[in-house]
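**Student:** sequence isn't available, so here's the structure alone:
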């Protein structure tokens with residue numbers, strides 16, 4: 001069985017690794033893989049070392065006649081059984097390129113929301129009649145999307161992007177770099193400044209914590225130098241204990257030095273990589289129940305789940321872990337174990353191989 005994947009691997013190594021290694025693992029399940037991506041993507045060498053043929057191309061626009069023609073030619077010459085698009089540029093062009101060809105089309109859906117059957121833009125991508133299967137990153141994404149799909153709802157399914165604990169062996173960053181004193185209880189939050197990431201909720205939570213507690217907050221992500229962020233910091237009773245790291249490529253190593261990881265997102269999450277990275281380093285996570293975030297943890301065992309926007313519950317979760325350091329440590333260890341046992345890359349490759357085979361054979 002032969003599969004063509006069209007995706008961009010221009011992001012950082014750690015960002016693309018779970019997807020790329022899952023795909024490489026398909027070989028063990030009898031699927032021959034070829035990848036279409038940018039020729040200067042860092043992961044190209046890894047693909048080639050593992051015997052994966054790389055087509056040095058990626059669409060630059062959502063609709064491009066040149067891209068459609070190129071993809072169609074590759075599909076015809078390669079006699080692929082299936083093609084799998086991982087982003088909107090890949091998906092839209094592939095839907096047109098595959099018209100009339102005996103190839104199954106799979107698409108990747110990485111978050112909840114923003115697609116409805118009454119909105120015509122959705123028919124350029126996942127809702128296009130040419131799409132045979134939609135593979136979601138989390139069960140929450142699948143549940144969100146199923147009502148928008150016409151016909152067989154089973155065309156929407158879930159395959160988690162798994163990880164390998166061996167990938168994560170960085171030495172935790174010394175947080176004194178950010179002015180955090182030794183012995184402080186540190187809450188870390190890794191998120192770029194976007195409305196749905198819930199920074200105002202997180203900052204409001206700081207007003208709920210005891211003023212004399214040795215608790216510090218470290219914000220990691222792009223956009224943290226904006227005036228509105230500084231205004232929220234200035235208004236917080238924790239003003240002197242809130243620290244900005246900005247965008248950092250070593251974000252996983254930074255969060256590894258924290259006691260707690262907090263994701264305050266209010267909507268439209270997929271399967272947050274930042275939560276997974278905290279968990280593999282044994283850092284107890286507090287996550288809002290949006291998208292697949294809550295699927296990553298067992299509430300009260302390997303993390304704490306709160307309702308989106310629930311400032312009081314977030315503060316209570318922080319104080320629970322602050323007051324019981326043994327619980328905090330144990331929850332972090334359980335979090336690491338949960339990723340290793342339930343969200344591993346070998347499992348993901350196996351699950352994806354089954355989805356591809358079932359799709360090609362019409363068994364869904």
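**Tutor:** Sure, I can see it. Note that the structure is predicted; figures quoted are calculated from it, not measured.

**Student:** contacts only, for the nearest residue to residue 296 once chain neighbours are set aside.
**Tutor:** Sequence neighbours aside, residue 275 is the residue nearest to residue 296 in space, at 5.5 Å (criterion: C-beta to C-beta, 6 or more residues apart in numbering). Any C-beta I mention is one placed from the backbone N, CA and C, and that applies to glycine too. Residue 275 sits next to 261, 263, 285, 287, 293, 296, 297 when contact means C-beta atoms under 8 Å, 6 or more residues apart in numbering.

**Student:** could you export those as TSV, including pLDDT and distance to residue 81?
**Tutor:** Converted to TSV, the contacts of residue 275 look like this (pLDDT from 0 to 100; distance: C-beta to C-beta, whole Å):
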residue	pLDDT	distance to residue 81
261	98	41
263	96	38
285	98	39
287	97	38
293	93	34
296	97	32
297	97	37
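
**Student:** just the buried residues from those, in ChimeraX please.
**Tutor:** One line in ChimeraX is enough to select the buried members of the contacts of residue 275, burial here meaning 16 or more other C-beta atoms under 10 Å:
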select :261,263,285,287,293,296,297
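
**Student:** closest one to residue 104 out of the contacts of residue 275, please.
**Tutor:** Nearest to residue 104, judged by C-beta to C-beta, of the contacts of residue 275 is residue 296 at 29.8 Å.

**Student:** residue 303 is in contact with the closest one, correct?
**Tutor:** Yes: judged on C-beta atoms under 8 Å, residue 296 makes contact with residue 303 at a distance of 7.1 Å.

**Student:** list the residues that contact both of these two?
**Tutor:** Joint contacts of residue 296 and residue 303 (C-beta under 8 Å, 6+ apart) are 279, 285, 287.

**Student:** tell me the bridge partners for the last one.
**Tutor:** With beta bridges defined as DSSP bridges, residue 287 has these partners: residue 263, residue 305.

**Student:** hmm, back to that, which one of the shared contacts of residue 296 and residue 303 is nearest residue 350?
**Tutor:** residue 279 (21.2 Å).

**Student:** that older thread, so the residue nearest to residue 296 is in which element?
**Tutor:** Residue 275 belongs to helix 273-280 when assigned by DSSP states H and E.

**Student:** in the chain, which spans are strands?
**Tutor:** Secondary structure of the chain (DSSP state E): strands located at 2-6, 32-37, 53-56, 82-85, 104-109, 133-136, 156-158, 185-190, 215-220, 242-246, 260-263, 284-288, 304-306.

**Student:** got the contact list for the closest residue to residue 14 other than its chain neighbours?
**Tutor:** Distances taken as C-beta to C-beta, 6+ apart put residue 252 closest to residue 14, at 6.7 Å, once the chain neighbours are dropped. Contact analysis of residue 252 by C-beta under 8 Å, 6+ apart lists 14, 168, 170, 277, 281.

**Student:** rewinding a little: now the strands of the chain as JSON lines including distance to residue 43?
**Tutor:** Below are the strands of the chain laid out as JSON lines (distance: least, C-beta to C-beta, whole Å):
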{"stretch": "strand 2-6", "distance to residue 43": "12"}
{"stretch": "strand 32-37", "distance to residue 43": "8"}
{"stretch": "strand 53-56", "distance to residue 43": "9"}
{"stretch": "strand 82-85", "distance to residue 43": "16"}
{"stretch": "strand 104-109", "distance to residue 43": "16"}
{"stretch": "strand 133-136", "distance to residue 43": "20"}
{"stretch": "strand 156-158", "distance to residue 43": "24"}
{"stretch": "strand 185-190", "distance to residue 43": "22"}
{"stretch": "strand 215-220", "distance to residue 43": "24"}
{"stretch": "strand 242-246", "distance to residue 43": "25"}
{"stretch": "strand 260-263", "distance to residue 43": "26"}
{"stretch": "strand 284-288", "distance to residue 43": "27"}
{"stretch": "strand 304-306", "distance to residue 43": "33"}
